[in-house]
Structure formats: C-alpha cells, structure tokens
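Novice: sharing a model prediction with you, sequence too.
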Amino acid sequence: MNLAEVLVYADIGQLHQIASHYGYEGNLHSKNELITTLMTRLRHSQTITHEVEQLSSVDTHFLLLLFLDKRDRLTLEDLLAKASMALPDGEEQKKEAARKQVAIAIKRGWLFPAKGNLIGQYQIPADLREPYIQAWLTLWRGQQEPIPYEPLAYRDEGTAMCDDIMLFLQFLAKEPVPLTADGGMYKRYQVQLLEFLSVKEEPLPPQKWRFGYGLHFDLYPDRFSLLYDFCYYHRWIEEISGRLEITESGAERFAETYTDQTYHDLVRFWMRLYKRAIPNLPLLTQLIPRMATSRWISQERLSQTLLPWIKPFYYDKPEDILVTRILKMMVHLGLLKAGQAEDGDWLYTGTYASQSWMKQYNGFVDTTITMK
C-alpha cells in the first residue's frame, strides 16, 4: 500500500503520534484534515531529508533494514529481529531497546499496523521506500570527496563462476578424484583443477580455524569452496567410497547450455550459505552496489560507513568479513568490479547484474543453508 492508503486505515492515535513527532499543527480532531496534512508533508523531500539527517547510526541501520526488505508486510517478530540486528551487541536490555526502536518507527510514519485478517503484521508505505533510501545515499555521497580518477585497470568477472562450474563438472567427468581422509581432494588434483579455472587460486595450507562458510571451507580457497558447495548442494557431485564423482544429474547439467537462471541460483546460494555467519548480508549486498552506482568507491570509505553494521563471526573480524567475505565474493559473483588506486587502495563499482536483477531479488526472505 502507498502512504495515502495506509493513512486512511490508520488509527487516529497513530496519526496524532506522527503529527506530534513532526511538529505539525492544525485541527488534530479532524481525521480527514490530519490525513491530508500528513500525506502531503510525509512525502515532501525536505521532510524526508531532514529526518534522515537527524538519524543516528543505529536508526539509519534500522531504516535501511526496513526499506530495503521488499516484503509488503512484516510481523512484529520480523521487526524486532531487525531492530536487534541494528542495536550494538553491548546494549543492555536489548529486547526492550528493540521494542522502543519499532515504536519510534511507528511514530515516524515508517510502519503502520495492518488491518482485518492481517492483524499482527505491519506495513511500510511503498512510496516512502525509495525516497528515504535515495535521501540517505545523497547525504552519504555529500559527505564523501569524489574519486577524481578511475583505476588504470579493473577486474570484472561477470558470469565466469558459472563457466567454471561447467569446467569443474567436465574435469570430474573424465575420471573420479580420490579424496584424503579429511574428505578433500589431494593437493596435486587441486593444483591441476585450480589452474584450469578462470580465476586462479592457490590450495590452502591446513587451517582448522576456517569454518562457517561451507562444507569444505577449511580445505579449499574461498571461490572454489563456494563453487564446490553449489555443485554438492544440487547433487551434481558426490563423495563416495573415498572418491569425488560426477553424478548422473551432474552429467545432465553439464550437457545443458548456460542460462541466466544458473547465475541467479548461484548468487542466491551464496547469500543463503553466508547469511548464517553474516546476518546483515541481504542488506549489504543491496546497499553496496547502490553506493557504487556509476562511480568508483574506495574500500576505505565503504569500511568507514559499513563496519559499525557488521558483527564479528568467531575468528573473522568485521574488517575481514567486509573485505574478504563480502566485497571479494561480490567481485567473484560479478556483482562488483574491482580496481586499484595509485595509492594501493581498492576501488569498487557496481555491475549491470547488481543494478538490475539484484534490485528485484529479496535476500531477506531466503532461509539459510547449513552444509555441515
């Protein structure tokens, strides 16, 4: 529903709360006059810009978690989970603080209780989403000095990972690969295969601390680990009797031509696999390409803004998560291009895929995948 529709169905009490929050005066006893006034002013660009300028980092985080989620309705549990994610880990009485965050959003006119059969759910006015997101982006860009140059060279991997899935299946179709006692391919097979793929990676030294991002994340480098898990999840490969083999469905998939659906499925799989370790991933994968639309953004500037919204995951610090688990993997998945500035800082810009399909996809609703 748009703002005009939710205001008509809103309780007079909430309309008074919203009017009080924005300091509106007038005939507060006339619902029609209240609706007319709020409908005009809540959508006004100056109102939205002023509101965004007053937000704290926690408020901004909660706003983006709400407005980048494309669902028409959210339950109270959904809202409290988002509010808890936006709050610092050290916040005392976090449940109470989350409830206050939701209550403030209702006073701001961001949320309206649904009526009829939808009681217990909340709606976000559809025509407020994009103006608020754009207001925040405009404010953020205004605080950044534009990068006066483009990198001399950049990397755009596009759909190379989908191509490498086919190469991996082709590799296994020739003959099964023996596995170690740990369940991984012997190093000589890894070297041979990784050299065969579009993006070169080196086999990992033993690192038992690597976990949380896939079935054999402790055995394989990041990109290949994701590729391997995607094939394993779809049962195109199987580990049986100490060998890695292509399955019948894998052979059938190998015989098919490439489609965009494979690419979309791969991105969704990455989101679902990594979301357990990085709950904020659905937000960040939508926000980063918007921040890097038609321009190059430095890793340093992204870090300054986004690190407060990323929580550590065991041995992974927020810096590692942003750079290695998110930005690097978004480049591998063709969602970002990466280049390097003269001073050595990495630069990123969005790709067509991140500006088109990703704008339609809602990672907030997908469940997580646990490989082991």
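Specialist: The structure has been received and is ready for your questions. Computed from a predicted structure; not experimentally measured.
Novice: for this protein, give me the ranges with low pLDDT.
Specialist: 26-28, 90-92 (pLDDT under 70).
Novice: show me what the host helix or strand of residue 95 is in contact with.
Specialist: Using DSSP states H and E, residue 95 falls within helix 94-107. Helix 94-107 is contacted by residues 14, 17-18, 20-21, 58-59, 62-63, 66, 76, 79-80, 83-84, 86-87, 91, 111-113, 122 when judged by CB atoms under 8 Å, 6 or more residues apart in numbering. Heads up, the C-betas are built off the backbone N, CA and C, glycines and all.
Novice: now the residues you listed: which count as buried?
Specialist: 14, 17-18, 58-59, 62-63, 66, 79-80, 83-84, 86-87, 111-113, 122 (16 or more other CB atoms under 10 Å).
Novice: just checking, what packs against the helix or strand encompassing residue 130?
Specialist: Using DSSP H and E, residue 130 sits in helix 126-142. Helices and strands touching helix 126-142, as assessed by 3 or more CB pairs under 8 Å, 6 or more residues apart in numbering; DSSP states H and E, comprise helix 45-53, helix 57-67, helix 281-291.
Novice: neighbouring strands for the next helix-or-strand element following the second one, and are they parallel or not?
Specialist: Right, the one you point to is helix 57-67. Moving toward the C-terminus from helix 57-67, the next helix or strand (DSSP H and E) is strand 73-75. Counting by DSSP bridges, the strands paired with strand 73-75 are strand 121-123 (antiparallel).
Novice: contacts for the strand it pairs with next, please.
Specialist: The contact list for strand 121-123, computed with CB under 8 Å, 6+ apart, reads 1, 6, 72-76, 79, 106, 111-114.
Novice: list just the nearest of these to residue 158.
Specialist: When the contacts of strand 121-123 are compared for distance to residue 158 (CB to CB), residue 72 wins out at 32.9 Å.
Novice: just give the closest residue to the closest one, not the sequence neighbours.
Specialist: residue 123 (6.7 Å; CB to CB, 6 or more residues apart in numbering).
Novice: contacts only, for the residue nearest the centre of the chain.
Specialist: The chain has residue 282 as the residue nearest its centroid, 2.5 Å off, counting by CA atoms, centre = their mean. By CB under 8 Å, 6+ apart, the contact list for residue 282 reads 68-69, 271, 275, 362-364, 366.
Novice: again, only using 10 Å
Specialist: The neighbours of residue 282, taking CB atoms under 10 Å, 6 or more residues apart in numbering as the test, are 65, 68-69, 271-272, 275, 361-366.
Novice: buried ones only from those residues, please, as a ChimeraX command.
Specialist: The following ChimeraX line selects those of these that are buried, judged by 16+ other CB under 10 Å:
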select :65,68,69,271,272,275,361,363,364
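Novice: what would the contacts of residue 282 look like in CSV with secondary structure and distance to residue 232?
Specialist: CSV is the format used below for the contacts of residue 282 (DSSP: H, G, I helix; E, B strand; the rest coil; distance: CB to CB, whole Å):
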residue, secondary structure, distance to residue 232
65, helix, 31
68, coil, 30
69, coil, 30
271, helix, 17
272, helix, 14
275, coil, 18
361, coil, 23
362, coil, 26
363, helix, 21
364, helix, 25
365, helix, 24
366, coil, 18
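Novice: now, which of the contacts of residue 282 sits nearest residue 180?
Specialist: For the contacts of residue 282, the nearest to residue 180 is residue 272 (27.7 Å; CB to CB).
Novice: could you export the helix holding residue 130 as PDB, CA atoms only?
Specialist: Coordinates of each C-alpha in helix 126-142 appear next as PDB, following Å, rounded to 0.1, in the frame of the first residue of the first chain:
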ATOM      1  CA  ALA A 126       5.600   1.600  -0.600                       C
ATOM      2  CA  ASP A 127       6.100   5.100  -1.900                       C
ATOM      3  CA  LEU A 128       8.300   6.100   1.000                       C
ATOM      4  CA  ARG A 129      10.900   3.400   0.500                       C
ATOM      5  CA  GLU A 130      12.900   4.700  -2.400                       C
ATOM      6  CA  PRO A 131      12.700   8.400  -1.400                       C
ATOM      7  CA  TYR A 132      14.200   7.500   2.000                       C
ATOM      8  CA  ILE A 133      16.900   5.300   0.500                       C
ATOM      9  CA  GLN A 134      17.800   8.000  -2.000                       C
ATOM     10  CA  ALA A 135      17.900  10.700   0.700                       C
ATOM     11  CA  TRP A 136      20.400   8.600   2.700                       C
ATOM     12  CA  LEU A 137      22.500   7.900  -0.400                       C
ATOM     13  CA  THR A 138      22.500  11.700  -1.300                       C
ATOM     14  CA  LEU A 139      23.500  12.600   2.300                       C
ATOM     15  CA  TRP A 140      26.200   9.900   2.300                       C
ATOM     16  CA  ARG A 141      27.700  11.000  -1.000                       C
ATOM     17  CA  GLY A 142      27.700  14.600   0.100                       C
END
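Novice: buried residues in that helix, which are they?
Specialist: For helix 126-142, by 16+ other CB under 10 Å, it's 128-129, 131-133, 135-136, 140.
Novice: returning to what we had before: against residue 171, how distant is the residue nearest to the centre of the chain?
Specialist: 33 Å (CB to CB, to the nearest Å).
Novice: my guess is residue 360 meets residue 70, correct?
Specialist: Yes: between residue 360 and residue 70 there is a contact at 8.1 Å, judged by CB atoms under 10 Å.
Novice: tell me which of the two has more neighbours.
Specialist: Between residue 360 and residue 70, counting by other CB atoms under 10 Å, residue 70 is the more crowded of the two (16 against 8).
Novice: give me phi/psi at the closest residue to the more buried one other than its chain neighbours?
Specialist: Distances taken as CB to CB, 6+ apart put residue 362 closest to residue 70, at 4.1 Å, once the chain neighbours are dropped. Main-chain dihedrals, residue 362, degrees, to the nearest 10: phi -120, psi 90.
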